[in-house]
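Engineer: Could you work out the structure for the sequence below:
(chains A and B)
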There are 2 protein chains.
Amino acid sequence: MILITNDDGIVAPGIKALVEVASQFGEVLVVAPDSPQSGQGHAITLNNPLKLRKVDIFEGIDAYECSGTPVDCVKLAKNVLLKGKKIDLCVSGINHGANSSINIIYSGTMSAAMEASIEGIDSIGFSLLDFSFEADFEAAKFYIKKIISSVLNQPMQDCKLWNVNIPACGLDEIKGIKVCRQGNGTWVEEFQEGIDPRGEKYYWLTGKFVSYENDDLDNDINALKNNYVSIVPSGHDLTHYAQIKNLKYLENI
Amino acid sequence: MILITNDDGIVAPGIKALVEVASQFGEVLVVAPDSPQSGQGHAITLNNPLKLRKVDIFEGIDAYECSGTPVDCVKLAKNVLLKGKKIDLCVSGINHGANSSINIIYSGTMSAAMEASIEGIDSIGFSLLDFSFEADFEAAKFYIKKIISSVLNQPMQDCKLWNVNIPACGLDEIKGIKVCRQGNGTWVEEFQEGIDPRGEKYYWLTGKFVSYENDDLDNDINALKNNYVSIVPSGHDLTHYAQIKNLKYLENI
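Structural biologist: The predicted structure is shown next:
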């Protein structure tokens, strides 16, 4: 059983492409948000009830739209729809836009995959570096098929989460796969300011991504810039281990 | 300048307690959500404009309520309200409830602090292990004052984010501070099912936390269980470094 979700919503072309690839490997279940949820990070719905509705949009495939966040989708799939059933793999995406570098923190696509990995399920988030709804997913599908095939034959070990990003270019231009670390970069942000129809001031987030990396190919930012598919093995232990010893003085303040 | 935020909303008693402590150290600015945002994780608002409203609820203190998520609050504070001004420290909380172990991933309180740390600002999330609005913050305030005083005298080095949790007991029962790692545990979840007023089925998240740790005091779960204040130095690089070498075979699939 392969569980499929995303953050762009159940009607996004990216999840359709992912369903086409994943369903070649056996039984799949789609549970995805009923509206776009980009930037939802690891949000969960605590103060409201959630709805699940069966939808018939992928031929011959069981699919549900969910009123919650991407992480809610995974929780509902595991605990309600697939209760007690083994999930061999969770795939999330294909995201419309990059989730390399620091974007893993903000991404609903990656948070959904992380939620499954926290539950001990092998999980992969797939993202294409093209924001548009008309993005070409053909090269992405080629590599996703290889990667799903590999992980089903050779399941993950200690690390249950891979962050896979695919450059926005033709298949013949992609140089291959790089297994690498999360690149160091951040968003330099500005807010577009305006006045709403009721005369109140508003602020709307905008910004541009800035890389702090030099030219090494050991990180996802540069692997992608050089037309490689990047795979970053990722986790959910945020401890900065090197600092524990240095901060022991805090036990005596 | 100390920036103060939270995820329980600007009228929660926890942020009032934090304002009381932090304002003893100099100028502060409060920017916090206008409604409860527990479990919002690192969500940001991309598809909607945000509102900021100046509120007069902390005597003599500049404070704004924000229509967005905890992370939005930090972005707006840094890029709009404090544009170009140095922020010496960002403190988030005091959260009503634990943010130890895996809860750091779901917590809006910790995500707000993490957002400031991504921007290079020394940041601390404070949480008290008591969910109630009537929680007693006296012991928490004692330790938070010590910790803020220490970090202002000796700023953070490589690691710009501390996750501080405080046990729910009297000051005389707290044994001290432990600097430790993120404990290994997860939520075992169930969904309460029901029928809404329009006859539609709903699912409402519930569950209980399960620790996978034995008795060592080197992690926050057990430090707290033994009445220590826990401090976990934390980061935003999710790379599982040990696995990069093991996964190099994926470059040849």
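Engineer: Let's verify residue A:194: helix, strand, or coil?
Structural biologist: Using DSSP: H, G, I helix; E, B strand; the rest coil, the secondary structure recorded for residue A:194 is strand.
Engineer: Going along the chain, name the helices of chain A.
Structural biologist: A:13-22, A:70-76, A:103-106, A:108-118, A:138-153, A:220-225, A:241-246 (DSSP state H).
Engineer: which residues are contacting the second one?
Structural biologist: Identification of contacts with helix A:70-76 by C-beta atoms under 8 Å, 6 or more residues apart in numbering or on different chains yields A:3, A:5-7, A:31-33, A:37, A:40, A:42-45, A:50, A:52, A:66, A:68, A:90, A:92, A:108-109, A:111-112, A:115-116, A:119, B:41, B:189, B:191, B:203, B:205. C-betas here are computed from N, CA, C, even on glycine.
Engineer: gap between that helix and the chain center?
Structural biologist: On the basis of C-alpha atoms, centre = their mean, to the nearest Å, helix A:70-76 sits 13 Å off its chain's mean C-alpha point.
Engineer: Ok, the first one next?
Structural biologist: A distance of 14 Å separates the centroid of the chain from that of helix A:13-22, by C-alpha atoms, centre = their mean.
Engineer: Convert the C-alpha atoms of that helix to CSV, please.
Structural biologist: C-alpha atoms of helix A:13-22 as CSV (Å, rounded to 0.1, in the frame of the first residue of the first chain):
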residue,chain,number,x,y,z
PRO,A,13,-1.5,18.5,-11.7
GLY,A,14,1.5,17.5,-9.5
ILE,A,15,-0.4,14.9,-7.5
LYS,A,16,-2.0,13.5,-10.7
ALA,A,17,1.5,12.9,-12.0
LEU,A,18,2.5,11.2,-8.8
VAL,A,19,-0.6,9.0,-8.8
GLU,A,20,0.3,7.9,-12.4
VAL,A,21,3.8,6.8,-11.3
ALA,A,22,3.0,5.3,-7.9
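Engineer: quick check, that helix touching chain B?
Structural biologist: No. Shown here: helix A:13-22 not in contact with chain B (C-beta under 8 Å from any C-beta of the partner chain), separated by at least 14.5 Å.
Engineer: so for that helix, what's the average pLDDT?
Structural biologist: Helix A:13-22 shows a mean pLDDT of 98 in the predicted model.
Engineer: thought residue A:228 was touching residue A:175?
Structural biologist: Yes. Counting by C-beta atoms under 8 Å, residue A:228 touches residue A:175, with 5.3 Å between them.
Engineer: which of the two has more neighbours?
Structural biologist: residue A:228 (22 against 12; other C-beta atoms under 10 Å in any protein chain shown).
Engineer: Pairing partners for the closest residue to the more buried one other than its chain neighbours in the sheet, please.
Structural biologist: Once flanking residues are discounted, residue A:228 sits nearest to residue A:178: 4.3 Å by C-beta to C-beta, 6 or more residues apart in numbering or on different chains. For residue A:178, the beta-bridge partners are residue A:230 (DSSP bridges).
Engineer: Relative to residue B:56, how far out is residue A:178?
Structural biologist: 54 Å (C-beta to C-beta, to the nearest Å).
Engineer: the more surrounded of these two?
Structural biologist: residue A:178 (21 against 9).
Engineer: ok, that one - contacts?
Structural biologist: Residue A:178 neighbours (C-beta under 8 Å, 6+ apart): A:217, A:220, A:223, A:228, A:229, A:230, A:231, B:251.
Engineer: among the residues you listed, which ones are buried?
Structural biologist: A:220, A:223, A:228, A:229, A:230, A:231 (16 or more other C-beta atoms under 10 Å in any protein chain shown).
Engineer: quick one: the fifth one and residue A:164 touch, right?
Structural biologist: Yes. The criterion here is C-beta under 8 Å, and residue A:230 meets it with residue A:164 at 7.0 Å.
Engineer: if we can go back for a sec, tell me which of the contacts of helix A:70-76 fall in strands.
Structural biologist: A:3, A:5, A:31-33, A:52, A:66, A:90, A:92, B:189, B:191, B:203, B:205 (DSSP state E).
Engineer: Just among these, which is most surrounded?
Structural biologist: Most surrounded of those: other C-beta under 10 Å gives residue A:92, at 34 neighbours.
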